[in-house]
Structures are given as structure tokens and as C-alpha cells.
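1. with the sequence up front, the predicted model follows.
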Amino acid sequence: MTFKSTKSAPPSDIRIEATAARLERGRYIFENLADCAGCHSERDWTKAGAPVIASRTGVGVAFPKELGLPGDVVAPNITPDPTTGIGTWTDGEKIRAIRAGISKDGRALFPFMPYQGYRRMSDEDAQSLVVYLNVLPPVKNAVARTKLNFPVNLLIKDAPQPVTGPVQAPDSSNAVQHGEYLVNLGGCQDCHTQQEKGAPKEGMMLAGGFEFRVGQYTVLSANITPEMETGLGSWSEQRFLDKFRGYAATTAATAPQVNQANFTLMPWTNLAQLTDQDLKAIYAFLRTVKPVKNAVEPHKPLTQP
Ligand code: HEC
Ligand code: HEC
């Protein structure tokens, strides 16, 4: 069943000018900050961190059942292939899908695609992203459409909201505000907050403990609130930077074989490429969130059901 959203204002028929600066900014958001690539590409799950298979970037993928999503959730092919990808979409339609959650045909997208956060993506960032999407190598790869279980299939039809009027990023010289913007686009809250019935658990924002299962491995997200004993309270800015930089040289070729002790969904290698200014801003913002005491052992093997 598909829905025509009544709120699907026709996307503006803009043509975005492809400048070198936009191309680089788009690449940075796609590959590093927002990790669009991580959800929309085939990955090598035999390696720690499951690196994206470069030639399969953006080709679409069905999420594993063990993740516990309410149905068969598929990230579509977003390469410019005209038949199996988004090659025939206008730039305006791409921006509408990314920020408002409405597919070309008017269907409401399942908000596992983090458009509810991307709503706040600036016009300039959204346009840069589209410039980059437009130059991805087109790959013919037909994937199934998402099929959600009842009643989620009905409930999500109200999730898309039109983005009206210009959206600007906060001034990047204000580290906390800039950091909040980056954390939102990076989806840190989506992985680092436990959920209850598909919504963030009250009072647990960024406090970790969200469980991920893929194949035989499990991992829990860490507590990244500034709580002293169980969160990042004792971490200096330098320790935070060093933790990310520790993954900067890891590539798909050098990533070790996966095991229960190193299995993770944390996009370390992508985020390790963020600029110093951006990582420091993320750190500055994380210092301002409510500290929550919640002890998590991310790699503790869970007792099998
Ligand atoms: C957490 C995983 C995840 C992330 C991160 C993610 N997506 Fe998606 N995306 C999805 C899923 C799942 C769908 C399909 C939802 C559905 O079918 O209802 C989707 C749908 C889309 C669509 C609509 C395609 C269509 O055929 O309808 C576009 C365009 C898109 N994503 C682009 C992006 C971009 C650009 C980014 C990064 C800024 C991104 N996505 C990040 C999971 C993700
Ligand atoms: C796709 C899910 C996912 C996303 C997105 C994500 N994380 Fe994580 N993160 C994890 C998991 C799982 C762990 C625990 C395992 C590990 O350390 O690799 C973790 C661990 C961490 C740690 C290590 C904490 C410690 O005590 O060692 C930090 C710091 C962190 N994440 C920060 C962030 C920030 C900042 C963002 C957003 C820019 C983010 N994460 C986005 C899943 C995610």
C-alpha cells in the first residue's frame, strides 16, 4: 500500500549549479558526516566496521531482519541510474525526499531514513549533497520497495513535513550551535538513544544502550552524555579527538576481520575524517547535554535468546 501525502507540495524545479565547493561539501556530508553511504550501500560485513564496498556505493540494500525493524526495510538505489536509481528525478525531488521524506511518487518514506533530522539541513548543504549524488557512478541494481508491517505502514503517512522557506545553518563560529547542527546531521542521537515503540526513550537522550544485532554479532551504543562515571564526562577534548583520529588511517583494505569484540556500527572511519573544527564543535555540544547515568558495555556478548 502506498500513500499520496496530501502535504507533498510540488518540489521546486530548481537546477543546482555544480561548483567545486559544493561537490566537496556534498562528498563530505555523504561519505563522512551523515554517512548516507553507510545505509545506502553494500558493505563488507566480514570486516570490523563493515566498510562500504566502493563499487557498490549508493546501490541500495535491504536491512538485516535481526535489526528488528517493523517490516522489510530497504534503502533504495540512489545512484543516477535511470531505471533502478534516481536518475530521472529532478534536483528538487531529491531535496524533497531528503528533507521532507516524500519519494518521487508522493509516497511517505519510513523515517528510519533520518529525514526528520535532515529537515534542518541548510539549503546550501542540501544542494551540495544533490550535486554529489548527481556524480555518483550510476549502477543498475534493482532493489525491492520497503514493505512495512501494519499498523506502522499507516502511522508513518503523517511523518513527512514540508520544508517551507529558507533553511540556514547556524553560524559556525558558535561551537555549541555548530556542534548541535552536526550532531543532528550525523544522526548521533538516532543510534545513541534507546527507543521505546520507535520513539526516543524519555530522559535517555544520547545515553547509549541501543542494541544492534547483525548476523551473530551484537553491540550496544555508548553513553555519550557528559556524565562522569558512565559517559564522556571525564573525556578531555583531546581524548575525544584522539579517539576518532585513531581510525583515520583505517581503510576497507586494512580493516581487521570482524569478531564480537570489535563489531560496531559506529561509523568511526567516516567520522575520523571530519575536520578539527567540526569534531571540536561536536565535543562542545555534547558537553552541554543532560548528563545521564547509564552504564553500558558495548561489546559484552549478550546471552543468546
Ligand atoms: C539510517 C539509514 C539511512 C541513512 C543514514 C540515510 N538513508 Fe536515505 N533512506 C533510507 C531508507 C531505509 C530509505 C527508504 C525508506 C522507505 O522506503 O520508506 C531511504 C530513502 C532515501 C531516498 C528516497 C529514494 C526513493 O527511491 O524513494 C533518498 C533520495 C535518500 N534516502 C537519500 C539519502 C541521503 C542523501 C542520505 C544522507 C544525507 C541518506 N539517505 C541517509 C535509509 C537511510
Ligand atoms: C549507526 C549507529 C551510530 C551512529 C550514527 C553514531 N554512533 Fe557512536 N557509537 C555507536 C556504537 C554501537 C558505539 C559503541 C561501540 C564502539 O565504540 O564502536 C559507539 C561509540 C561511540 C563513542 C565511544 C564512546 C566510548 O565510551 O568509548 C563515541 C565518542 C561516539 N560513539 C560518538 C558518536 C558521535 C559524536 C556520533 C555522531 C557524529 C555518533 N557516535 C554516531 C553507534 C553509532
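-> Yep, that arrived. Ligands and ions are numbered 1, 2, ... in the order given.

2. pLDDT weak spots in this protein?
-> By pLDDT under 70, the weakly predicted segments of the chain are 1-10, 12-13, 302-305.

3. and the strands in the chain, which stretches?
-> In the chain, the strands defined using DSSP state E lie at 61-62, 71-72, 74-75, 147-148, 195-196, 199-200, 211-214, 217-220.

4. distance from the chain centre to the first one, please.
-> Looking back up the chat, that one is strand 61-62. 15 Å (Cα atoms, centre = their mean, to the nearest Å).

5. residues contacting it, please?
-> 39-43, 72-75, 143-144 (Cβ atoms under 8 Å, 6 or more residues apart in numbering). Glycine gets a C-beta too; all of them are placed from N, C-alpha and C.

6. that older thread, tell me which of the strands of the chain sits nearest to ligand 1.
-> Distances from ligand 1 to each of these were compared using Cβ to the nearest ligand atom; the minimum, 4.0 Å, belongs to strand 74-75.

7. now for the closest one, which elements pack on it?
-> The criterion is 3 or more Cβ pairs under 8 Å, 6 or more residues apart in numbering; DSSP states H and E, and the helices and strands that strand 74-75 contacts are strand 61-62.

8. each with direction, which strands does the strand it packs on pair with?
-> Under the criterion DSSP bridges, strand 61-62 sits next to strand 74-75 (antiparallel) in its sheet.

9. what lies in contact with the partner strand?
-> By Cβ under 8 Å, 6+ apart, the list of residues contacting strand 74-75 from outside reads 39-40, 60-63, 113, 143-146.

10. now, of those, which are buried?
-> For the contacts of strand 74-75, a burial check counting by 16 or more other Cβ atoms under 10 Å picks out 39-40, 60-61, 63, 113, 143, 146.

11. mind listing what Ile282 touches?
-> Ile282 neighbours (Cβ under 8 Å, 6+ apart): 179, 182-183, 186, 188, 274.

12. so how far is ligand 2 from it?
-> According to Cβ to the nearest ligand atom, to the nearest Å, Ile282 and ligand 2 sit 5 Å apart.

13. please name the nearest non-neighbouring residue to that residue.
-> What sits nearest to Ile282 in space, not counting adjacent residues and going by Cβ to Cβ, 6 or more residues apart in numbering, is Gly179, at 4.8 Å.

14. residues touching the residue in the stretch 1-150 of the chain that ligand 2 sits nearest to, list them.
-> With Cβ to the nearest ligand atom, the shortest gap between the stretch 1-150 of the chain and ligand 2 falls at Asp35, namely 6.5 Å. Taking Cβ under 8 Å, 6+ apart as the criterion, Asp35 is in contact with 186-187, 267, 270-271.

15. and for Asp278?
-> Taking Cβ under 8 Å, 6+ apart as the test, what Asp278 contacts is 33, 178, 182.

16. out of the residues you listed, who's nearest ligand 1?
-> For the contacts of Asp278, the closest approach to ligand 1 (Cβ to the nearest ligand atom) belongs to Leu33, at 8.3 Å.

17. verify the stated contact: that closest one with Leu185.
-> Yes - with the criterion set as Cβ atoms under 8 Å, Leu33 and Leu185 qualify as a contacting pair; they are 5.6 Å apart.

18. before we move on, back to that, widest-spaced pair of the buried ones among the contacts of strand 74-75?
-> Taking Cβ to Cβ as the measure, the buried ones among the contacts of strand 74-75 reach their widest spread between Met113 and Val143, a distance of 13.8 Å.

19. give me the neighbour count for Leu33.
-> Neighbourhood size, Leu33 [other Cβ atoms under 10 Å]: 23.

20. now Asn134, nearest residue through space, not along the chain?
-> Here the nearest residue to Asn134 in space, its sequence neighbours aside, is Pro80; by Cβ to Cβ, 6+ apart that works out to 6.2 Å.

21. for Ile29, see how far away the closest residue to Ala48 other than its chain neighbours is.
-> In space, not counting the residues next to it along the chain, Ala48 is nearest to Asn262; the distance is 4.2 Å by Cβ to Cβ, 6+ apart. When Cβ to Cβ, to the nearest Å is applied, the distance between Asn262 and Ile29 equals 27 Å.

22. so between those two, which is more surrounded?
-> Neighbours per residue (other Cβ under 10 Å) separate Asn262 from Ile29, with Ile29 holding more: 20 against 15.
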